[in-house]
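Enquirer: with the sequence up front, the predicted model follows.
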Amino acid sequence: MGKFYITTPLYYVNAEPHIGHAYTTILADCIARFARIRGLDTHFLTGTDEHGQKIADVAASLGVEPIVHCDRIVKRFKSLWKKLDISYDDFIRTTEKRHIKVVKKALQTLYDNGDIYKSEYEGWYCVPDERFWMEKDLTDGKCPLCGRDVVKIKEANYFFRMSRYQHRLVEHIESHPDFILPSYRRNEVLGFLKKPLGDLCISRPKKRLSWGIELPFDPEYVAYVWVDALTNYISAVGFTADNEMFNRWWPADYHLIGKDILTTHSIYWTTLLAALGIELPKHILAHGWWLVGESKMGKSLGNAVNPEFLVEKLGKDPLRYFLLRKMAVGQDAEFTLEAVASCVNSELANNIGNLVSRVLSMVHSFLGGKLEKVEITHPGAKALIEKAASTVDSVSEKVERNKLHLAIADVMALSTSANQLIEMTAPWKLAKNGDTQTLKQIFWAVAITIEKIAKLLYPVIPSSSADVLKAFGIKADVTMDNLKNMDALPERVTVEKPFVLFPRVDINNLFPEEKKMEKGEIIDIEFFKKLDMRVAEVKSAERVSGTDKLLRLTIDVGEKMRTIVAGIATYRTPEEMVGKKIIVVYNLKPARIRGILSEGMLLAASDKNDNFSLLTVDKEIPAGTKIC
């Protein structure tokens, strides 16, 4: 039996999981499930990245120790993965002893081999991204990644001689065309490597940051968070601790990542592995971003979609289906609730769900709920079975090429063909005319097709697929052998009563009604002192789908970006709001408005004639300034 080791990135626990995390993990889960179907001994790793300045800052703002904050967020990740049927084999945390030991061992080896040295560094530092930048890298004097302010830092640190391994890395990429996927990402990395590669700062002084893994050769420093986090891929499979386990699983078959962390994986990680004398992973697969409008979805941008809310409203399988169906691996895709509802209704409810329900209903109505194997001579029924067989092959081929969205489209086309056969042959007329033989052939062919549909979609929508298979008397034990076997149905089976597999989605139910503000009573000064009002600058604005009153604003409040939803769309256009300085209630309890988490409220005034005015400041003052 061959092996298959797939990893997700370690998710940073500075905030709760969003739909981007869910997509990466669902994609990895789907790939792992297909690997198991192919009979591969599979190991699926995910986990959390828990050290660094951002974690320390968030914990401090909450008045708790960093590990307390990490424990809370880890619970949220694990809870979400359970709700989404994520079949991971191991969940690693960078605060675990097994990981810390490996990081220290790896760093000590690099230091002993002369691959780490100490030097003084002066440059620009982005605290939120925990990255140093040269002057030439800055965009308008700000961080090129997040667009926020940088600070100048001069300090002594430890550096990894990354430049020493540049030529070797280029040779490996050029001799392994499928090492970095998709191919255009490979070309990006090779283009980057045409320039001289500098050395990598791998430490932070404890006087500035203590929340990290202490360097084994200098207790005054901790490891840079990326060097710490990347090492999880080997620490989780026994590097230096269990040689048998390590040799069983390494090298990883796939590091599945978002395109924004391609450099860290394809250059930082690979050169570290080369310096340690460890074989490189077989593939680094970089997927695209989910976009809200034209912006990347992310925690720091304040426009992240809460997947738990969507699981609650849609169910786990419809969400899994949408994410895998609508994003081509490697490309960006836009996320809207309208697109989610349309996809679920047209493809799951109207196509597959309708097929299963109507077949179960008609088998009960016309055949007493019983199906039995018959010889297929009807041309349409024979053609459908042939298409089912060819779809098994086409889906397998597309999954191998990481074309999951096209593989799913093939399954959907097969479901459409089954529905078309029913419409063409009209079983209700066959039953009325007493043509039981043809009736049995049609339903047997369609039942075989449904079995293949359910098994092919098992890695995509495992729970729903298992329900379908159970309704036709089949266990959810999917292998390549029983997928390719066109006689996998029991020769005689009593099918279950019809049921609604995928309820239709009402788009309005995805937008909870916004809460109305009630007029308050007279308050005392102590209550008023509790209000934290601040100056904020609007960085982006867009209309909220499904309403003509609401704008979604991404605002800079000094220490971070936030999202607020404001009922001002009839008074101000999105374009008019960008760049405005506004006053917001900063410590208002977050509320979900039309599916968007609103973290604050802007202040405005309107009179009886509906004249509207934003509250603002009368001179230039920095975002984040408190209102006295």
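Expert: Looks like it arrived, so ask away. Numbers count the residues shown, from 1 in each chain.

Enquirer: ok, now how distant is L588 from I564?
Expert: 9 Å (C-beta to C-beta, to the nearest Å). C-beta: built from backbone N, CA, C; applies to glycine.

Enquirer: now D90
Expert: 39 Å.

Enquirer: and for I278?
Expert: Per C-beta to C-beta, I278 is found 47 Å from I564.

Enquirer: and L603, by the same measure?
Expert: 11 Å.

Enquirer: the two: who's more crowded?
Expert: Ranked by neighbour count (other C-beta atoms under 10 Å), L603 and I564 place I564 first, with 27 against 14.

Enquirer: isn't the more buried one right up against E599?
Expert: Yes - the criterion here is C-beta atoms under 8 Å, and I564 meets it with E599 at 6.3 Å.

Enquirer: how close does K259 sit to W290?
Expert: Counting by C-beta to C-beta, the gap from K259 to W290 is 12 Å.

Enquirer: compare the two (neighbour count), which wins?
Expert: Neighbour comparison, K259 and W290: the larger count goes to W290, with 24 against 17 (by other C-beta under 10 Å).

Enquirer: rewinding a little: overlap in contacts, L588 and I564.
Expert: Listed as contacting both L588 and I564 by C-beta atoms under 8 Å, 6 or more residues apart in numbering are E599, G600, M601.

Enquirer: filter the residues you listed down to the buried ones and hand me the PyMOL line.
Expert: Restricted to buried positions by 16 or more other C-beta atoms under 10 Å, the PyMOL selection for these reads:
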select buried, resi 599+600+601
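
Enquirer: R592 belongs to a strand, doesn't it?
Expert: Yes - in this structure, R592 lies within a strand as judged by DSSP: H, G, I helix; E, B strand; the rest coil.

Enquirer: any idea what it is bridged to?
Expert: Beta bridges link R592 to L597 when assigned by DSSP bridges.

Enquirer: on that earlier part again, narrow the shared contacts of L588 and I564 to those in strands?
Expert: Per DSSP state E, strands hold the following members of these: M601.

Enquirer: closest to I376 among the shared contacts of L588 and I564?
Expert: Using C-beta to C-beta, E599 is the member of the shared contacts of L588 and I564 that sits closest to I376, with 59.9 Å.

Enquirer: any idea how far the closest residue to T263 other than its chain neighbours is from E279?
Expert: In space, and not counting its chain neighbours, T263 is closest to F192: 7.0 Å by C-beta to C-beta, 6 or more residues apart in numbering. Going from F192 to E279 by C-beta to C-beta gives 23 Å.

Enquirer: and the residue lying closest to A236 once chain neighbours are set aside, bridged to which residues?
Expert: Closest residue to A236 apart from its sequence neighbours, by C-beta to C-beta, 6+ apart: I92 at 4.4 Å. Note on I92: beta-bridge partners G47, judged by DSSP bridges.

Enquirer: and for I92, the neighbour number?
Expert: By other C-beta under 10 Å, 21 other residues sit near I92.

Enquirer: next: A236.
Expert: Residues within reach of A236, counting by other C-beta under 10 Å, total 26.

Enquirer: so it makes contact with T48?
Expert: No - judged on C-beta under 8 Å, A236 makes no contact with T48 at a distance of 12.0 Å.

Enquirer: who touches both of the two?
Expert: Both A236 and T48 are contacted by I92, under the criterion C-beta under 8 Å, 6+ apart.

Enquirer: which element follows the worst-scoring helix or strand of the chain on mean pLDDT toward the C-terminus?
Expert: None of the helices or strands of the chain scores lower by mean pLDDT, DSSP states H and E than strand 295-296, at a mean of 57. Counting by DSSP states H and E, the element after strand 295-296 in chain order, helix or strand, is helix 307-314.

Enquirer: now for that following helix, which elements pack on it?
Expert: Helix 307-314 is packed against helix 19-37, helix 66-83, helix 316-326, with contacts defined by 3 or more C-beta pairs under 8 Å, 6 or more residues apart in numbering; DSSP states H and E.

Enquirer: V617: which of those helices is closest?
Expert: Taking those one by one with C-beta to C-beta, helix 66-83 is closest: 33.4 Å.

Enquirer: can you give me the angle the closest one makes with helix 316-326?
Expert: Counting by axes from the mean of the first three to the mean of the last three C-alpha atoms, to 10 degrees, helix 66-83 lies at 90 degrees to helix 316-326.

Enquirer: give me the buried positions along helix 66-83.
Expert: For helix 66-83, by 16+ other C-beta under 10 Å, it's P66, H69, C70, I73, V74, F77, K78, L80, W81, K83.

Enquirer: with stretch 330-340 instead?
Expert: Buried residues in stretch 330-340 (16+ other C-beta under 10 Å): G330, A333, F335, L337, V340.

Enquirer: compare F192 and E279 (neighbour count), which wins?
Expert: Remark: of F192 and E279, F192 carries more neighbours, 13 against 10, as counted by other C-beta under 10 Å.

Enquirer: and that one, how far from L230?
Expert: As for F192, its distance to L230 is 18 Å (criterion: C-beta to C-beta).

Enquirer: what does E338 give?
Expert: For E338 relative to L230 (C-beta to C-beta), the value is 38 Å.

Enquirer: what about this protein, any weak spots by pLDDT?
Expert: Along the chain, segments meeting pLDDT under 70 span 293-304, 511-524, 526-527, 529, 546, 595.

Enquirer: the domain parsing of it - what is it?
Expert: For the chain, automatic domain parsing gives the domain ranges 338-494, 525-614.

Enquirer: any chance of these in a markdown table, with distance to W124 too?
Expert: Output for the domains of the chain, formatted as a markdown table (distance: least, C-beta to C-beta, whole Å):
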| stretch | distance to W124 |
| --- | --- |
| domain 338-494 | 37 |
| domain 525-614 | 19 |
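
Enquirer: nearest to A22, out of those?
Expert: domain 338-494 (12.6 Å).

Enquirer: was I right to think A35 contacts T42?
Expert: Yes - if you go by C-beta under 8 Å, A35 and T42 touch, sitting 4.7 Å apart.

Enquirer: mind listing the shared neighbours of those two?
Expert: F4, I6.

Enquirer: who are the contact partners of L551?
Expert: Contacts of L551 by C-beta under 8 Å, 6+ apart are A541, E542, R543, V544, V565, A566, I568, A569, R572, P574, M577.

Enquirer: what does N351 give?
Expert: Neighbour list for N351: M412, S415, T416, N419 [criterion: C-beta under 8 Å, 6+ apart].

Enquirer: can you count the residues close to I278?
Expert: With other C-beta under 10 Å as criterion, I278 counts 17.

Enquirer: skipping adjacent residues, who's closest to it in space?
Expert: I234 (6.8 Å).

Enquirer: ok, now which ones touch the one you found?
Expert: V102, A106, F246, W250, I278.

Enquirer: cool, and S119?
Expert: Taking C-beta under 8 Å, 6+ apart as the criterion, S119 is in contact with A156, N157, F159.

Enquirer: does it count as helix, strand or coil?
Expert: Using three-state DSSP, the structure places S119 in strand.

Enquirer: for Y158, see how far away it is.
Expert: 8 Å.

Enquirer: again with V150
Expert: Shown here: V150 relative to Y158, a distance of 21 Å by C-beta to C-beta.

Enquirer: tell me which of the two has more neighbours.
Expert: Between V150 and Y158, counted using other C-beta under 10 Å, the more crowded position is Y158 (26 against 23).

Enquirer: surely that one and S203 touch.
Expert: Yes - in this structure Y158 lies within contact range of S203 using C-beta under 8 Å: 4.1 Å.

Enquirer: anything in contact with each of those two?
Expert: Common neighbours of Y158 and S203 are listed as L215, D218, Y221 (criterion: C-beta under 8 Å, 6+ apart).

Enquirer: hmm, who's touching stretch 12-21?
Expert: 11, 48-50, 52, 54-55, 58, 69-70, 73-74, 76-77, 80, 258, 289-290, 297-299, 304-307, 310, 323, 335.

Enquirer: also stretch 153-172?
Expert: So stretch 153-172 is in contact with 110, 114-125, 132, 179, 190, 193, 196-205, 208, 215, 218, 221, 227, 267-268, 270-272, 274-275, 280, going by C-beta under 8 Å, 6+ apart.
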